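# coordinates for the following, if possible.
(one chain, ligands or ions: 1)
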Amino acid sequence: MPPRATHRLDLHLVPGDLSEAAAEAVEALWRAWEAQGYLAGRGPGERAGALVEGGFAHARRDDPGAVVLYANQVGGFQVRCPECGSGLARSLDWAGTTVCPSCGGAFALEALDCRPPVARGRASLVLMDVGSTAIAEIPPGWRVVMRRVG
Ligand SMILES: [Zn+2]
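Below you'll find the predicted structure:
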């Protein structure tokens, strides 16, 4: 069943660094985006529409205190083997190596075919209630995870 249009869509920007420095990287990006007019306080700055098409309603820093899996919530996500295309939802080991029961291939999370994309991370900058998923600037090495929330 497709998600209802009333569900909010958030974008998580997740640094590739899984160390405790990830929260500092999020803080640095937050300050840079404030300086560029993308963010103001915990809301959109006057240039928010130049960052995300359609803008966003709120922004926040997410610091779960451990490495977590950032993934879609409402409607979940599909995960497939990049070699043979088999569904891997049951055998997914997001923190380690996932072994495909069909072809025997072993893959890190980053190599799997996940739709929508997922990411491991230790912190994220969250743009809440975005107008679209078209984001103009993604820092090198960062991933963008869309999350439909109830
Ligand atoms: Zn396979």
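
# with just CA atoms, put the helix or strand hosting Arg147 into CSV.
For Arg147, the host element (DSSP states H and E) is strand 143-149. Taking Å, rounded to 0.1, in the frame of the first residue of the first chain, the C-alpha atoms of strand 143-149 are listed here in CSV:
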residue,chain,number,x,y,z
ARG,A,143,24.6,10.2,2.5
VAL,A,144,21.0,11.4,2.3
VAL,A,145,18.3,9.2,3.7
MET,A,146,14.6,10.0,3.1
ARG,A,147,12.3,9.0,5.9
ARG,A,148,8.6,9.0,5.7
VAL,A,149,7.2,9.3,9.2
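
# list the buried ones in that strand?
By neighbour count with 16 or more other CB atoms under 10 Å, strand 143-149 contains the buried residues 143-148. Using the backbone N, CA and C atoms, a C-beta is placed for each residue, glycine as well.

# pLDDT (mean, whole number) over stretch 79-93?
Mean pLDDT, stretch 79-93: 96.

# with stretch 99-113 instead?
96.

# buried sites along it?
Residues 100, 105, 107, 109, 112 are the ones in stretch 99-113 that count as buried (16+ other CB under 10 Å).
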